[in-house]
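Novice: Can you look at this prediction? I've put the sequence above it.
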Amino acid sequence: TARQLAFVEYDAPVLEAEQLYVRKGGEEITQQMYNFTDKDGKAVSLRPEMTPTLARMILSLGGKVLLPVKWFSIPQCWRFETVQRGRKREHFQWNMDIWGVPDTVAEAELLSAAVGFMKRVGLSASDVGVKVSTRKVLS
């Protein structure tokens, strides 16, 4: 699905500096992560999600990338929290991201990709619902 829509696959390290996630979610986020001090004395975490990693990667390019960027990944992620239905400590998640599109066109494209995938694997509206939580897309 992602490749058919001209998304390029990317990968990233499973270990990131703990501070990357603290900047996004605050100090309390460390209680929900697998984190430790490595042999160099650096505070690191197993990635609980890809968004901060993706932002770090895009920013590290320093404008040397042509926009829009359409990247996808299916990373393995970890969260240290109570196991619940639908929420495991280790999981894979499908990420599709578009950077550099100033309006809701990107959101519409991502929604279309997700719905298209569901249809291709045989799921219908009676199996899966789509909830949109941005008013810009609904306008």
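Specialist: Looks like it arrived, so ask away. Numbering: from 1, shown residues only.
Novice: and the gap between Val132 and Glu109?
Specialist: Relative to Glu109, Val132 is positioned 13 Å away (Cβ to Cβ, to the nearest Å). For glycine as for every other residue, the C-beta is placed from the backbone atoms N, C-alpha and C.
Novice: who's more crowded, those two?
Specialist: A direct count of neighbours by other Cβ atoms under 10 Å for Val132 and Glu109 places Glu109 higher, at 18 against 11.
Novice: State the pLDDT value of Arg135.
Specialist: Note on Arg135: pLDDT of 67.
Novice: typo on my end, Tyr10
Specialist: 95.
Novice: Setting aside sequence-adjacent positions, which residue approaches it most closely?
Specialist: Trp71 (4.7 Å; Cβ to Cβ, 6 or more residues apart in numbering).
Novice: so that neighbour is in which element?
Specialist: In this assignment (DSSP states H and E), Trp71 forms part of strand 69-73.
Novice: who touches whichever helix or strand comes after that strand?
Specialist: Per DSSP H and E, strand 69-73 leads on to strand 76-78 as the next helix or strand towards the C-terminus. Identification of contacts with strand 76-78 by Cβ atoms under 8 Å, 6 or more residues apart in numbering yields 14, 33-34, 46-50, 89-93.
Novice: Show the backbone phi and psi for Phe36.
Specialist: Note on Phe36: its backbone torsions stand at phi -160, psi 170 [degrees, to the nearest 10].
Novice: Spatially nearest residue to it (excluding sequence neighbours)?
Specialist: Val44 (6.5 Å).
Novice: Let's test this: what are the backbone torsions at the one you found?
Specialist: On the backbone of Val44 - angles per degrees, to the nearest 10 - the values are phi -130, psi 160.
Novice: wait, it sits on Glu18?
Specialist: Yes: with contact defined as Cβ atoms under 8 Å, Val44 reaches Glu18; the gap is 5.9 Å.
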